[in-house]
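Participant: after the sequence you'll find the predicted model.
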Amino acid sequence: MNFLIKLKETSIAVLPIALLVFILSATITPLGADLLVSFTIGTVCIILGLTIFLTGTDIGIMPAGSFIGAALTAKRSLPLMLISGFIIGILITIAEPSLIILGQQAERVTGSVTTLELVYSVAVGVGIFLLIALARTVFQIPFRLIVIISYLIVFAIATRVSPVFVALAFDSGGATTGQMTVPFIIALGVGISAVRSDTSAEDDSFGLIGIASIGPMLAVVILAFFKGKVSSEESKQIMNAVSIVPEFHSGGIIHSYASLLPGILKSMALALGPLAVIIGFYQVFLLRLPPRQLKRIILGFIYTYAGLVLFMLGTVSAFIPVGNTIGYLMGQLENKQILIPFGCLLGALVVCAEPAIWVLTQTVEEVSDGNIRRPILLTALALGVAASVGLSMWRVLAGFSIWFLLVPWYLAALLLTFVSPKLFTAIAFDSGGVASGPLSSTFVLALLLGASSSVGGNPATDAFGLIAMIAVTPIVSIQILGWLFSRFTKKKGGSA
């Protein structure tokens with residue numbers, strides 16, 4: 001894939017966010033000069049990092065996942081496939097940076113769940129549900145059946161736990177499917193489906209992420225059920241949890257970036273390490289790829305690592321403190337309702353800059369032979385995430401329970417599975433898992449935390465739950481797109 005083409009695409013996706021920040025700084029939320037300079041540097045890091053990351057996934061991560069998926073299926077050994085899925089799910093999840101951050105937040109907010117408890121519980125949940133997802137692909141179990149039963153179980157248990165744990169559980173589903181798990185799991189599903197010759201193989205290429213992201217929700221609500229209730233006073237400790245992410249300190253921009261670089265280098269190495277071990281293991285015992293292909297995969301890993309480091313450096317160094325500051329300043333405005341339309345606009349812009357979204361939409365376009373175009377899919381995703389952030393802003397201002405948003409949206413998502421084509425349903429649930437990426441869970445969440453603090457709310461119950469909303473709204477919007485696509489093809493004399 002042409003590097004310059006990817007650079008152009010990522011610039012188009014990220015620059016509107018930067019432009020919005022500068023417009024706000026010049027009008028209603030003035031930012032300091034040092035913060036704006038740091039934000040500019042961060043924007044450049046994000047654009048370059050995202051470009052290099054996508055190039056790396058193209059030449060390394062995606063082919064490796066496809067090779068492993070196809071090789072496992074070709075072996076015709078169901079135990080080998082299921083055990084591999086379980087182990088892959090656990091190893092990738094344990095090293096997911098977003099999950100580690102969420103675990104640290106949970107430890108400080110609840111006072112009863114430690115980081116390791118959350119991380120390992122979620123990792124087992126992902127492993128089990130990735131196993132279920134692989135079994136579903138092999139046995140051609142209806143995707144709708146699995147998600148409906150699974151979500152009914154999650155909601156049934158969630159009604160018995162503290163509201164703080166509810167937001168944490170549904171947030172964990174989005175935080176787990178991060179920038180490393182998504183490309184590999186997508187490729188794994190495509191590889192397994194590619195060796196099947198039946199007509200429904202394309203429909204089963206997707207859905208692994210959608211099913212795997214249910215595992216963390218179920219794992220956390222079960223953990224919360226045995227941990228007991230958390231008082232409202234304890235939940236207010238969430239403000240302290242914000243400090244786990246390093247913020248920019250004025251007066252030393254270069255020093256600020258340099259001080260964060262070692263930690264990011266280490267965390268991204270940990271994120272890529274399990275994948276490298278998995279691929280090395282399968283190369284020795286199963287794949288035996290020729291040296292030329294192996295060198296290409298290694299080169300892809302190098303690109304992916306460098307891209308992730310740059311991307312996360314720009315996000316943590318600039319986007320988080322800017323988001324927090326803008327949210328706090330907007331919460332001080334006389335007309336606080338402006339947060340709602342601003343949230344809609346921000347959600348639409350941010351989702352287009354998420355690395356995993358670009359991997360997913362590109363894969364969908366390729367697997368569907370260009371029938372599902374990336375711009376159309378991105379538009380549907382942007383509309384969904386715009387609704388989620390706008391509604392989350394409304395909840396920050398009004399302070400009502402997350403249940404009033406989660407129940408109707410998930411109900412709509414499950415009901416739409418009966419009218420949306422199977423392929424679109426699987427893509428929709430995958431999209432929900434990947435939409436809540438590093439930009440959403442840092443820049444947008446930081447903005448909501450700042451706004452909630454500014455208006456005198458409780459961020460533990462008012463701001464958290466954002467990732468959960470970002471995960472569910474695209475499921476609805478993509479399935480509506482699928483329904484419209486189905487009607488259009490029927491009118492044209494085709495078949496959906």
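Facilitator: Looks like it arrived, so ask away. Computed from a prediction, not measured in an experiment: that's the story for all the values here.

Participant: could you measure from Phe418 over to Ala133?
Facilitator: With distances taken as C-beta to C-beta, to the nearest Å, Phe418 is found 20 Å from Ala133. Yep, even glycine has a C-beta here, placed from its N, CA and C like the rest.

Participant: neighbour-wise, which of these two wins?
Facilitator: Ranked by neighbour count (other C-beta atoms under 10 Å), Phe418 and Ala133 place Ala133 first, with 29 against 10.

Participant: distance from the chain centre to the helix or strand that one falls within, please.
Facilitator: Using DSSP states H and E, Ala133 maps to helix 115-139. Counting by C-alpha atoms, centre = their mean, to the nearest Å, helix 115-139 is centred 16 Å from the centre of its parent chain.

Participant: mind listing what's buried in that helix?
Facilitator: Residues of helix 115-139 classed as buried: 115, 117-138 (neighbour count, 16 or more other C-beta atoms under 10 Å).

Participant: thought Ala306 was touching Leu50?
Facilitator: No - when contacts are counted by C-beta atoms under 8 Å, Ala306 is not listed as touching Leu50 (11.6 Å).

Participant: quick one, which of those two is more surrounded?
Facilitator: Between Ala306 and Leu50, counted using other C-beta under 10 Å, Leu50 has the larger neighbour count: 28 against 17.

Participant: I figured that one hits Val309, correct?
Facilitator: No - counting by C-beta under 8 Å, Leu50 stays clear of Val309, with 11.9 Å between them.

Participant: buried residues in stretch 381-393?
Facilitator: Here stretch 381-393 shows 381-393 as buried, counting by 16+ other C-beta under 10 Å.

Participant: for the chain, longest helix please?
Facilitator: Looking across the chain with DSSP state H, the single longest helix is helix 253-282.

Participant: Leu333: what secondary structure?
Facilitator: Following DSSP: H, G, I helix; E, B strand; the rest coil, the label given to Leu333 is coil.

Participant: could you check how far the residue nearest to it when sequence neighbours are not counted is from Phe319?
Facilitator: The shortest distance from Leu333 to any non-neighbouring residue, by C-beta to C-beta, 6 or more residues apart in numbering, is to Ile28 (6.5 Å). For Ile28, the distance to Phe319 equals 19 Å [C-beta to C-beta].

Participant: moving C-terminal of the one helix or strand Thr379 maps to, what's the next helix or strand?
Facilitator: Per DSSP H and E, Thr379 falls inside helix 374-398. Moving toward the C-terminus from helix 374-398, the next helix or strand (DSSP H and E) is helix 403-416.

Participant: centre of the chain to that next one, how far?
Facilitator: On C-alpha atoms, centre = their mean, the centre of helix 403-416 falls 19 Å from the chain's centre.

Participant: let me see the residues that make contact with that helix.
Facilitator: The contact list for helix 403-416 (C-beta atoms under 8 Å, 6 or more residues apart in numbering) reads 147-148, 151, 155, 163, 166, 170, 391-392, 395, 425, 428-429, 432, 465, 468-469, 472-473, 475-476, 479-480, 483.

Participant: kindly report the same for stretch 121-136.
Facilitator: Contacts of stretch 121-136 (C-beta under 8 Å, 6+ apart): 78, 81-82, 85-90, 92-94, 99, 141, 143, 146, 150, 172, 176, 181, 185, 189, 192, 204, 207-208, 211-220, 222-223.

Participant: which parts of the stretch 201-350 of the chain are helices?
Facilitator: 208-212, 214-227, 232-235, 238-241, 253-282, 291-314, 320-331, 339-351 (DSSP state H, counting those that start in this stretch).
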